[in-house]
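> Everything below, folded, please.
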Amino acid sequence: MSRNGNIRKDQMLGKAYGIGVGPGDPKLLTVKATEILEQLKIVFYPSFGKNSIALDIARSHIRTDAKLIEMNIPLFPNEAKVAAYQNFANQIKEYLNKQVDVGVLCEGDPLFLALSLQSETY
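Now for the predicted structure:
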């Protein structure tokens, strides 16, 4: 940091974008989501088995040279799920520290999902 408390340009981080892919139709992605997807070189996507609904929805808007990183999250036991999320959070942090922007796909609405997951822990 500089003396005035501002972050210096050489300390800037990449941006992390949480991208909700909506209810399932690729035509319902927001304009902003498609613009961001078309620029990202790193995209994380959730996978709970053989395929990813989120990736299928967003694929036509993702750069052909983008690196796609599968986030295979176990449903049970809870400890394994938490460890998997921590692992992917660390991977994302590594890219951000290298000033690389990252997208993380989320099925549905990320705000609603985040709130429902948060309430699950209480």
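
> Output the longest helix belonging to this protein.
helix 78-97 (DSSP state H).

> who does that helix touch, helix- and strand-wise?
strand 42-47, strand 67-72, strand 102-106 (3 or more Cβ pairs under 8 Å, 6 or more residues apart in numbering; DSSP states H and E). Glycine gets a C-beta too; all of them are placed from N, C-alpha and C.

> Ile92 against Phe44, yeah?
Yes. Counting by Cβ atoms under 8 Å, Ile92 does reach Phe44; the two are 6.7 Å apart.

> So for these two, which residue has more residues nearby?
Ranked by neighbour count (other Cβ atoms under 10 Å), Ile92 and Phe44 place Phe44 first, with 24 against 20.

> which residues touch that one?
Ile69, Glu70, Met71, Phe88, Gln91, Ile92, Val102, Gly103, Val104, Leu105 (Cβ atoms under 8 Å, 6 or more residues apart in numbering).

> Turn those residues into JSON lines, including pLDDT.
Putting the contacts of Phe44 into JSON lines (pLDDT from 0 to 100) gives the following:
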{"residue": "Ile69", "pLDDT": "98"}
{"residue": "Glu70", "pLDDT": "96"}
{"residue": "Met71", "pLDDT": "94"}
{"residue": "Phe88", "pLDDT": "95"}
{"residue": "Gln91", "pLDDT": "97"}
{"residue": "Ile92", "pLDDT": "96"}
{"residue": "Val102", "pLDDT": "97"}
{"residue": "Gly103", "pLDDT": "96"}
{"residue": "Val104", "pLDDT": "95"}
{"residue": "Leu105", "pLDDT": "95"}
